[in-house]
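K.L.:
Just to be clear, the model below is a prediction. Sequence and coordinates:
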Amino acid sequence: MTTEFFAKIRSGCAAVSERARWVRIDADAIESLAAEMAGGPPPPQINPAHHYVGEPDATVAFILCLDAINFGSGYFPYLVKRPGLSGYFTVATSLKELWEDSGALDAKQLASLSGADCARIIGQDFSVPEVAELMGLFARALNDMGRFLSDRFGGDATDLVGSANGSAGRLAELLAEMPLYRDISRYEGLEVPFFKRAQLTSADLAAVFEGEGYGKFHDLDQLTIFADNLVPHVLRRLGVLVYAPDLANRIDAEQSLEAGSAEEVEIRAAAVHAVERCVALLREAGEDATSQQLDYALWTRGQSPEMKAYPRHRARSTFY
């Protein structure tokens, strides 16, 4: 079943890329990217400056909670960010400090959080409408997580991870039972799953536990990239993704896209499929490459001033 889970993501994204009108994949640029990645991209890592790393139970709970609210990039221009940090790292650091100061939030606490509580935790002005909307969505996601843990796993985050029996695919399937994890788009009659955050959780657990214990998954190599708005942006800047002029102009003018629109789905799907093609080239050359590794390398590159100097696509979505 879990093999089918990943296969549907890959086949859906490939089908969109074949039909795409707004986004094209440049084959020559994929070859250049593969050559650049030869020798293996760096292994994914968790930065303890911004992520909680402590007792195993609390660390698992931190990763689950962080990934539950690892979305909202379309709202990030309205957030008050910590000096030198992106929206994601602002959220992650705030949650880390809460864990260090007060301990891990338990399932009952998660289920009762309000949007105002989330604004206080992350240091945001709840009177700003866009911020209030995002904090309300964060509260909904954490409420869902709290109830899911209480109803299915006795309130224990480690039981949720353990129930996946070492399968990243199974963990993603479990998480996708919660509404805000059901990252599936429609495109010309096709059902196109991405499951960005549902897949990301096993990768983050593997990184923080260095592939052991709660971070040991036998099918981690089956993960696709975690389709957001940063990796496609990096691929665009590298020439791998080529946008139609109208779409490129709208993004460059920092106009938001509608989540689930044809353009937005094509961007995410093309990013997934382009990296799959790059991984295939690397493997043909004898490299032991995975999509997850390339995602980490590209996402890290996206943190550079060189990449941040240009606008990326924004969409108000609960998926990224």
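P.N.:
Good, I have the coordinates.
K.L.:
In three-state terms, how would residue 24 be classified?
P.N.:
For residue 24, the assignment made with DSSP: H, G, I helix; E, B strand; the rest coil gives strand.
K.L.:
what number of residues lie near the nearest residue to it once chain neighbours are set aside?
P.N.:
Take residue 24 and drop its neighbours on the chain: the residue closest to it by CB to CB, 6 or more residues apart in numbering is residue 242, 4.5 Å away. Just so you know, the C-beta spots here come from the backbone N, C-alpha and C atoms, and that holds for glycine as well. By other CB atoms under 10 Å, the residues close to residue 242 number 15.
K.L.:
Now do the contacts for residue 97.
P.N.:
By CB atoms under 8 Å, 6 or more residues apart in numbering, no residues touch residue 97.
K.L.:
In terms of helices and strands, where is it?
P.N.:
For residue 97, the host element (DSSP states H and E) is helix 87-102.
K.L.:
Tell me how far the residue nearest to residue 24 lies from residue 8.
P.N.:
Distance, residue 242 to residue 8, by CB to CB, to the nearest Å: 26 Å.
K.L.:
need the helices for the stretch 101-250 of the chain, in chain order.
P.N.:
Along the stretch 101-250 of the chain, counting by DSSP state H, counting those that start in this stretch, helices occupy 107-112, 115-122, 129-153, 157-162, 168-175, 196-208, 230-237, 245-252.
K.L.:
need those in CSV with distance to residue 306, mean neighbour count and mean pLDDT, can you?
P.N.:
Putting those into CSV (distance: least, CB to CB, whole Å; neighbours: other CB atoms under 10 Å; pLDDT from 0 to 100) gives the following:
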stretch, distance to residue 306, mean neighbour count, mean pLDDT
helix 107-112, 38, 17, 98
helix 115-122, 28, 19, 98
helix 129-153, 28, 20, 98
helix 157-162, 37, 19, 98
helix 168-175, 32, 23, 98
helix 196-208, 24, 25, 97
helix 230-237, 8, 24, 98
helix 245-252, 16, 14, 98
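K.L.:
Against residue 212, how distant is residue 220?
P.N.:
Distance from residue 220 to residue 212, by CB to CB: 12 Å.
K.L.:
Looking at the two, which one has more neighbours?
P.N.:
More neighbours surround residue 220 than the other of residue 220 and residue 212, with 21 against 8 (other CB under 10 Å).
K.L.:
For the more buried one, which non-adjacent residue is closest in space?
P.N.:
Residue 220 sits nearest to residue 168 (CB to CB, 6+ apart), 5.2 Å away.
K.L.:
could you dump the helix or strand that residue 66 is a member of to PDB, C-alpha only?
P.N.:
Per DSSP H and E: residue 66 is located in helix 56-68. C-alpha atoms of helix 56-68 as PDB (Å, rounded to 0.1, in the frame of the first residue of the first chain):
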ATOM      1  CA  PRO A  56      13.200  11.500  22.500                       C
ATOM      2  CA  ASP A  57       9.500  11.800  23.400                       C
ATOM      3  CA  ALA A  58       9.600  15.600  23.500                       C
ATOM      4  CA  THR A  59      11.600  15.700  20.300                       C
ATOM      5  CA  VAL A  60       9.100  13.500  18.400                       C
ATOM      6  CA  ALA A  61       6.300  15.800  19.700                       C
ATOM      7  CA  PHE A  62       8.200  18.900  18.500                       C
ATOM      8  CA  ILE A  63       8.700  17.500  15.000                       C
ATOM      9  CA  LEU A  64       5.000  16.500  14.700                       C
ATOM     10  CA  CYS A  65       3.800  19.900  15.900                       C
ATOM     11  CA  LEU A  66       6.300  21.900  13.800                       C
ATOM     12  CA  ASP A  67       5.300  20.000  10.700                       C
ATOM     13  CA  ALA A  68       1.600  20.300  11.500                       C
END
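K.L.:
Please point out which parts of it sit buried.
P.N.:
Across helix 56-68, burial judged by 16 or more other CB atoms under 10 Å covers 58, 59, 60, 61, 62, 63, 64, 65, 66, 67, 68.
K.L.:
nearest to residue 21, of these?
P.N.:
Nearest to residue 21 among these: residue 67, at 32.3 Å, using CB to CB.
K.L.:
pLDDT value on the closest one, please?
P.N.:
For residue 67, the pLDDT comes out at 98.
K.L.:
going forward, begin numbering at 499 instead of 1
P.N.:
Taking 499 as the first residue, the last one we looked at is residue 565.
K.L.:
got a list of what it touches?
P.N.:
Residue 565 is in contact with 695, 698, 699, 702, counting by CB under 8 Å, 6+ apart.
K.L.:
Distance to residue 749 for the residues you listed - can I get that in JSON lines?
P.N.:
Output for these, formatted as JSON lines (distance: CB to CB, whole Å):
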{"residue": "695", "distance to residue 749": "23"}
{"residue": "698", "distance to residue 749": "24"}
{"residue": "699", "distance to residue 749": "29"}
{"residue": "702", "distance to residue 749": "28"}
